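# pasted the sequence and its predicted model underneath.
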Amino acid sequence: MKIPQISIFVSNRPGRLHAVCKSLADADINLLSLTLADSGEFGLIRIIVSNPEKAVEVLSESGIVATVTDVIACEVSALKGGLAKLLSTPAGSLQIDYMYAYPTCNQKEIAIMILRFRDPDEAISLLEKAGVQLLSRKELLV
Amino acid sequence: MKSSCWNDQNGLFLPEMSLDFMPVERLKQVQLQRLQATVSLAYEKVPLFRSRMDEKKVKPSDIKSLKDIALIPFTMKKDLRDTYPYGLFAAEMKQVVRLHASSGTTGKPIVVGYTREDMEVWSQVVKRGLLATGYTKDDIVQNFYGYGLFTGGLGVHGGLEALGAAVIPVSGGNTERQIMIMKDFEVTAIAGTPSYFVRIIDVAERMGIDLRTLKIKRGLFGAEPWSDGMRDYIEERSGIKAYDIYGLSEIIGPGVGCECECQNGIHIFEDHFYPEIIDPETLEPLPDGQEGELVISTLSKQAMPILRYRTRDITAIENTPCSCGRTIRRIKRIGRRSDDMFIIRGVNVFPSQIETALLRAEKALPHYQIVLDRKNHLDTVEVKVEVSRDMMSDSMSDMDALNKRFSHSIEQILGISVLVTLCEPGSLPRSEGKAKRVIDNRTQGGSL
Ligand SMILES: [Zn+2]
């Protein structure tokens, strides 16, 4: 249930995001989601892609520093209080480094959240016990 | 005298090795004869040396002992620039067989020339360094010093050829190809700048290649000051023995001196290069053992004799016997150059201190650069550090913590606060594989 997410370290300079996207595009890798965290001097680009193994290879060949991190994709209700409900489960009290919404275009009532837990294995077992629907890598690709 | 040092593994007599073990009295005789000849040559053929000596009323015949060298005026890098390109040549161009030049990042480069005899001396001193550090003619040596106008590549190349090793003249750059060659060509020894080899180590790790599993046993590194911490780092991560070869283009290029297998200082090839240590403030000669600026005079150069050249390198002459048995004296490894030193808020800082701090914080040696600036009449120091895959984390708070570890470690060593900026690998400039460590943007200059 763990989803490999690629995190990329970039200097905060014009053209760096383009360099990353271009090396992925040239290798026929599809970007499924992208978020950017920045600290002024540098940024961390976090992406979920169609072929993470190849993406890391391609990036590292272009001299771009990237690592793979396991994240978890959870279904939550897109209605009021959906995220609050997820976080009220025991997993909500674990250490969460960050989270973001995964883009979906054909679902009105269900949203997908990507969560990065410090301890993904423990999070998975707690979430599953609480009946939260977790998505596999294959399901995300649909 | 150790008789084993007179022979290589095949039992061949190596006369050039014997020079390293010459009895001190004999060495001093050779030095004096050669010094007298060099001073005469410089006085007769080079107007700058003649006018400087005339000003001080010194004649070549006044050099009666080695101590008399103190009568001769110093030569500075500026003198080489001011006489660009051939003003310090003592030989006619038809005698010159090779020209090299510095990269000249500021203003005109400096040009140096060699006669055939000079080329022979150059390859022999480098060969002596190679023999002292265990290289043999059976070695397959990858030379990633830059080839071209820079003296590093071709200088070391000449010594390797004289030794009879199989030289791979790969020059700098294209790191992944370097690693492929190391592996596929079954390289047993290497030579180049230490900062570039650190980059090779990083890239090899990224490619999943453990350099310790390859056949490389030793490396000769030079062309920039490198700390003992950097040596430990290189030896641990690559499994090789790392030796320091010293030199500067103004004198001959690499091969002015070299460590031996004892790794306890650089033996100067004193029969060709006469070392002195002076107090950089008073310019007075200092006794052996005391730290100061290294001054070198060439003793056999024909195309371009140089008298009392101020190297800006801070070191001390070690007079104690080395366990290798060589009688030629050693200097301490150069950790710092007075050129590289900068004064920030009244504190003297050397780049090697920043290197030590980075190593201490992360047990890794990232490529770094120091940028000095002045904002609102206050000097600022920014240390830019390239982040490797090992250091990187997906969490912003971990990255902030990494930044804090670096800045805290630097502040502990320097006693002043600095701004650390993390940047992408390969984003900091390098020239000829040599690291440019300090960029000074302060318009009014320091208090130097
Ligand atoms: Zn020795």
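Here it is on my side, so go on. Numbering: from 1, shown residues only, chains lettered A, B, ... in the order given.
# for the rest of this, base every contact and every neighbour count on C-alpha atoms.
OK.
# burial count for whichever residue of the stretch 1-150 of chain B sits closest to the ion?
At 7.7 Å from the ion, B:Ala132 is the closest residue in the stretch 1-150 of chain B, using Cα to the ion. Residues lying near B:Ala132 (other Cα atoms under 10 Å in any protein chain shown) number 22.
# list the buried ones in the lengthiest helix in chain B?
Across chain B, the longest stretch assigned as helix under DSSP state H is helix B:24-45. Residues of helix B:24-45 classed as buried by neighbour count (16 or more other Cα atoms under 10 Å in any protein chain shown): B:27-28, B:31-32, B:34-43, B:45.
# quick one: the longest strand along chain A near chain B?
Secondary structure of chain A read by DSSP state E shows that its longest strand is strand A:66-77. Yes. Against chain B, strand A:66-77 shows contacts by Cα under 8 Å from any Cα of the partner chain at A:66-67, A:69.
# domain map for chain B?
Per the record, chain B has its domains at B:1-339, B:342-440, by automatic domain parsing.
# distance between the first one and the chain's centre?
Using Cα atoms, centre = their mean, to the nearest Å, the mean C-alpha position of domain B:1-339 is found 7 Å from that of the whole chain.
# domain ranges for chain A?
Per the record, chain A has its domains at A:2-69, A:71-131, by automatic domain parsing.
# to B:Ile72, which of those lies closest?
Closest of those to B:Ile72 is domain A:2-69, at 52.3 Å (criterion: Cα to Cα).
# related to what we said a few turns ago, can you flag the weakest of the domains of chain B by average pLDDT?
Among these, domain B:342-440 carries the lowest mean pLDDT, a mean of 85.
# sorry, back to before: can you list the strands that the longest strand of chain A pairs with?
Strand A:66-77 has its sheet partners listed here by DSSP bridges as strand A:2-11 (antiparallel), strand A:110-117 (antiparallel), strand A:134-135 (antiparallel).
# please identify the most buried of these.
Across the strands paired with strand A:66-77, the average number of neighbours (mean count of other Cα atoms under 10 Å in any protein chain shown) peaks for strand A:2-11, which reaches a mean of 22.
# and that strand, average pLDDT?
94.
# in chain A, which residue sits nearest the ion?
Nearest residue of chain A to the ion: A:Gly63, at 40.8 Å (Cα to the ion).
# from the chain's centre, how far out does the least confident helix or strand in chain A by mean pLDDT sit?
Sorting the helices and strands of chain A by mean pLDDT, DSSP states H and E puts helix A:137-141 at the bottom, at a mean of 83. Mean-position distance between helix A:137-141 and its chain equals 12 Å (Cα atoms, centre = their mean).
# and it, C-alpha only, in CSV?
The C-alpha atoms that make up helix A:137-141 are tabulated as CSV, following Å, rounded to 0.1, in the frame of the first residue of the first chain:
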residue,chain,number,x,y,z
ARG,A,137,0.1,2.2,-6.8
LYS,A,138,-2.0,0.6,-9.6
GLU,A,139,-5.2,2.2,-8.4
LEU,A,140,-3.5,5.6,-8.4
LEU,A,141,-2.5,5.2,-12.0
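# if we can go back for a sec, ok, residues contacting the longest helix of chain B?
With contacts defined as Cα atoms under 8 Å, 6 or more residues apart in numbering or on different chains, helix B:24-45 is touched by B:49-50, B:53, B:60-61, B:63-66, B:89-91, B:270-272, B:274, B:298-301, B:305-307, B:327-328.
# residues from chain A in reach of chain B?
Contact residues, chain A versus chain B (Cα under 8 Å from any Cα): A:7-11, A:37, A:39, A:41-42, A:44, A:60, A:63-67, A:69, A:97.
# flag every buried residue along the least confident helix or strand of chain A.
Applying 16+ other Cα under 10 Å to helix A:137-141 flags A:137, A:140 as buried.
# how about stretch B:314-322?
B:314-318, B:322.
# what does stretch B:246-263 give?
B:246-261, B:263.
# same check on stretch B:131-147?
B:131-133, B:135-137, B:139-147.
# cool, stretch A:51-61 as well?
Here stretch A:51-61 shows A:52, A:55-56, A:58-60 as buried, counting by 16+ other Cα under 10 Å.
# which residue in the residues you listed has the weakest pLDDT?
For the buried residues of stretch A:51-61, the pLDDT minimum is A:Ser60, 85.
# how far does whatever helix or strand that residue lives in sit from its chain's centre?
Secondary structure assigned from DSSP states H and E places A:Ser60 in helix A:52-61. The chain centre lies 16 Å from the centre of helix A:52-61; the measure is Cα atoms, centre = their mean.
# name the helices or strands packed onto it?
Here helix A:52-61 is seen to pack against strand A:2-11, helix A:16-26, strand A:66-77 when contacts are counted using 3 or more Cα pairs under 8 Å, 6 or more residues apart in numbering or on different chains; DSSP states H and E.
# make TSV out of those and add distance to B:Pro351.
Listed next are the helices and strands packed on helix A:52-61 as TSV, based on distance: least, Cα to Cα, whole Å:
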stretch	distance to B:Pro351
strand A:2-11	23
helix A:16-26	29
strand A:66-77	29
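# B:Met180 in helix, strand or coil?
Three-state call for B:Met180 (DSSP: H, G, I helix; E, B strand; the rest coil): helix.
# roughly how far apart are it and the ion?
34 Å (Cα to the ion, to the nearest Å).
# B:Val167 too?
From B:Val167 to the ion the distance is 25 Å (Cα to the ion).
# residue contacts, that residue?
Neighbour list for B:Val167: B:140-143, B:157, B:160-161 [criterion: Cα under 8 Å, 6+ apart].
# kindly recompute the last result at 10 Å.
B:137, B:139-143, B:156-161, B:187, B:189-190 (Cα atoms under 10 Å, 6 or more residues apart in numbering or on different chains).
# partner strands of the helix or strand where it lies and their direction?
B:Val167 is part of strand B:166-168 when elements are defined by DSSP H and E. Strand B:166-168 pairs in its sheet with strand B:140-143 (parallel), by DSSP bridges.
# residues in contact with the strand it pairs with?
For strand B:140-143, contacts defined as Cα under 10 Å, 6+ apart pick out B:135, B:152-154, B:156-157, B:160, B:164-172, B:178, B:181-182, B:185-193, B:215-216, B:218-220.
# quick one, which of those are buried?
So, by 16+ other Cα under 10 Å, the buried ones in these are B:135, B:152-154, B:156-157, B:160, B:165-172, B:178, B:182, B:186-193, B:215-216, B:218-220.
# close to the ion: what parts of the stretch 301-448 of chain B are there?
Contact residues (Cα under 5 Å from the ion) of the stretch 301-448 of chain B with the ion: B:322, B:324.
# all good on my end, thank you.
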